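Student: Make a model of this:
(2 chains)
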Amino acid sequence: MPSLGADMERGRIVRWRVKQGDAVHRGQVIVEIETDKGLIDVECFHEGKVLELLANEGAELAVGAVIARLDVAGPLPEGTHDARPLPRIGGAPTDIAEAPATPRLGSPSLGERSRAMGGDKEGAFPGDRILASPLAKRRAAELGVDLATVPAGHEGRIAAEDVERAARAPATTQPSTPPPPRDAKEAMRRAVAAAMARSKREIPHYYLWQAVDVTDALGWLVRHNEARPVTERVLFAAVLARAVARAAAAAPDLNGTYDEQGVHASAAVHLGFATAQRGGGLIAPAILDAHTLDIDAMMRAIGDLVQRVRSGGLRGREMSAGTITLTSLGDHGVDGLLPVIQWPQLAIVGAGRVAERPWMHGGAVTPRSVLTLSLAADHRTSDGHGGARFLQAVERHLLHPEAP
Amino acid sequence: MTVSYRECCKLALRQCLDQEPRAFLMGEDVAAYGGCYAVSKGLLDLYGPERIRDTPLSESAFVGVGIGAAMGGMRPIVEVMTCNFSLLALDQIINNAATLRHMSGGQLGAPVVIRMATGAGRQLAAQHSHSFEGWYAHIPGLRILAPATLEDARFMLPAALREQDPVMIFEHIFLYNQEGELDAKVTAVDLERAAVRRRGAHLSILTYGAGVQKSLTAAEALAAEGLDVEVIDLRVLRPLDDAALIDTVKRTHRVLVVDEGWRSGGLSAELVTRVCELCFDELDAPPARLCTAEVPIPYPKHLEDAALPQPATIAAAARRVCGRG
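Tutor: Residues are numbered from 1 along each chain as shown, chains lettered A, B, ... in the order given. Model (predicted):
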């Protein structure tokens, strides 16, 4: 079960798009997984053949659980490049999930398990701990078994034998108690709450903001759109996204991630695009390789992404690969905002509304279209100096949307 | 040939007296009466009053004399009737015998062997039935032995007599009448290592003294239920054999300590702590303890039996640790 975003703990297999024996290709959508944030298409990261599917449709599993095995016997395709270690060649099965090495702890069913043992809310066992013997934990790590998927044994504690049984028959493994009924809205709120609390808890944010005169950029945009059919017109959001992506490509301290393993600067910019969902909630799927897109390609990417946020079909990688995020509340009349970084990213750019203001221009106070840009960044990896230069770079790119 | 544990103790004394001219036995009623548990019966006739010496009823005095004799070059074997009475000699044992090597900067030792009966099970009531070997096992400078088998009863004492520092031997009163075949191949034993008395795969019972027999009986009953129990006879309560603890826990991953001492602050607490410190990641269940009820040992037989670990209660505790209770 891949992690489709830092805030994801569990996912439900909705539909397999492949079956046992199928050949699969890197990038091919192989399974649809429902998370608290919606339905996501999960892609395969390997070339190979499906050896077996280990989770049934409908099964809800913790991140890291093995859902299928692949045979990656074939040679890797030309130009295959992946930061992760390459799968072993020579017929060794490999797990398709990019499973975190350590089992994720914490599921409601296990909380109930420990409460059943007599631990109350203030008791010795925090409600979300998985009770497992030291040996069981070691065996689980050795066998690659997610303890969250192992039914508890004697006294509500998982023993080594329980882990070994689960390892022998993973397909039939289910949480010992059914997950609580899903209220999509509540689940979304919970997911946002967990992600935001983590971000504010772990990331020392600093904030900068700057007013930018975008009158000329808007003028360019009007001219650019004049000759186009409605469906190809470019919105100011694309101008913003393009400017942030290009500035981020030159700011390694602000573009990347900072997780348990440390800082990972990213050469590519996968620009998270914060999008409100119908019915409430917020997700920020990434526009992949956003720094390479010109203004029209950016517009198409945004249109495609927003459409899929609303109707489903987001890719797993879009949910997990973001390196920096753009959030814009200008449509709602907000002058400016101090946003919260999407953990584990390093920075987020906020944009307020474009407002007509009396502004000094050419030595006189003139009505101009002014936008307040803000930056929230991780002070562990960058300082105000670098943040300020980044905002200036965003401004530069904003003012030249025509550059290829 | 069938021998009793008591006879093994006597054979051990005879070997010491025969082979070590500096050795002598002293204690209350050890000579004319033959020892309150009849271990030294007949030795007075064989070795005479110089080497088999009755003492006044003063543990502090005669244990002190033993320590002094050891410092003076003799190899005394001091018998204290029961470990309850040894409390009167605590000052001599702990402040003198155990510290001499340290206090003299290594110049002086007290190579004395102090034997005593320990434990309950023979309706001798609260002042003659307690188990204080766990207390003595707390003290640096002492080596604490708990012979549970005929071979250990037979050969621990001669080995102890060769030590250069004080050794205490706790003979369980329940064992004196136990009979069996003495293994002819065994002619000496070490004073270092714990022994695996029964191999098993599912649970390690750590025990000593009378607990070994009872645990073996429990293990046989459990084997019929498909529970394969390993029984570790600690033999040496100080210094503890850490390697043996690690070895057995690595095999079975579950631990039950059976200790006739009381539970609070006892040897069982030390054993469980060591298991957790030494091989936490091997554990598949919380280590458990079965100890004597925290009361003075009762006199009535049914209450005395109920207060002590018994094969049935050991088996029940073993099932619980293995998730079958």
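Student: Against residue B:272, how distant is the residue in chain B that chain A sits nearest to?
Tutor: Nearest to chain A, among the residues of chain B, is residue B:323, at 3.1 Å (CB to the nearest CB). In short, each C-beta sits where N, CA and C put it, glycine included. Distance of residue B:323 to residue B:272, given as CB to CB, to the nearest Å: 18 Å.
Student: Repeat that for residue A:396.
Tutor: Separation of residue A:396 from residue B:272 (CB to CB) stands at 68 Å.
Student: Those two - which one has more neighbours?
Tutor: Legend: neighbour count by other CB atoms under 10 Å in any protein chain shown for residue A:396 and residue B:272, higher for residue B:272 (18 against 14).
Student: is the helix or strand containing the more buried one up against chain A anywhere?
Tutor: For residue B:272, the element it lies in under DSSP states H and E is helix B:267-279. No: figure legend: helix B:267-279 not in contact with chain A (CB under 8 Å from any CB of the partner chain); closest approach 8.8 Å.
Student: what's the angle between the helix or strand that that helix is followed by and helix B:267-279?
Tutor: Later in the chain than helix B:267-279, the nearest helix or strand by DSSP H and E is strand B:288-292. Between strand B:288-292 and helix B:267-279, the angle comes out at 160 degrees (axes from the mean of the first three to the mean of the last three CA atoms, to 10 degrees).
Student: who does strand B:288-292 pair up with?
Tutor: strand B:255-262 (parallel) (DSSP bridges).
Student: How far away from the center of its chain is the strand it pairs with?
Tutor: Mean C-alpha position of strand B:255-262 versus that of the full chain (CA atoms, centre = their mean, to the nearest Å) differs by 13 Å.
Student: residues in contact with the particular helix or strand that has residue A:161 in it?
Tutor: Residue A:161 belongs to helix A:160-168 when assigned by DSSP H and E. Contacting residues not belonging to helix A:160-168 are listed as A:132-133, A:135-136, A:138-140, A:143-145, A:147, A:149-153, A:173, B:253, B:284 [CB atoms under 8 Å, 6 or more residues apart in numbering or on different chains].
Student: of all the residues in the stretch 201-325 of chain B, which ones are close to chain A?
Tutor: B:253, B:280-285, B:323.
Student: Nearest to the spatial middle of chain B, which residue is it?
Tutor: In chain B, the residue lying closest to the centroid (CA atoms, centre = their mean) is residue B:146, at 1.9 Å.
Student: I'd say that one and residue B:234 touch.
Tutor: Yes: with contact defined as CB atoms under 8 Å, residue B:146 reaches residue B:234; the gap is 6.7 Å.
Student: and for these two, which residues touch both?
Tutor: By CB under 8 Å, 6+ apart, the residues touching both residue B:146 and residue B:234 are residue B:208.
Student: Let me see the contact set for residue 317.
Tutor: Going with chain A. Residue A:317 touches A:43, A:286, A:288, counting by CB under 8 Å, 6+ apart.
Student: that's the other chain; I wanted chain B
Tutor: B:256, B:258, B:288, B:290, B:325.
Student: before we move on, what about residue A:269?
Tutor: Shown in contact with residue A:269 (CB under 8 Å, 6+ apart): A:245-246, A:248-249, A:255, A:289-291, A:323-324.
Student: can we see that at 7 Å?
Tutor: A:245, A:248-249, A:255, A:290-291, A:323-324 (CB atoms under 7 Å, 6 or more residues apart in numbering or on different chains).
Student: Using the three-state scheme, assign it.
Tutor: coil (DSSP: H, G, I helix; E, B strand; the rest coil).
Student: picking that back up, what does the helix or strand following the helix holding residue A:161 rub up against?
Tutor: For helix A:160-168, the following helix or strand on the C-terminal side (DSSP H and E) is helix A:184-202. With contacts defined as CB under 7 Å, 6+ apart, helix A:184-202 is touched by A:6-7, A:36-37, A:279-282, A:340-343.
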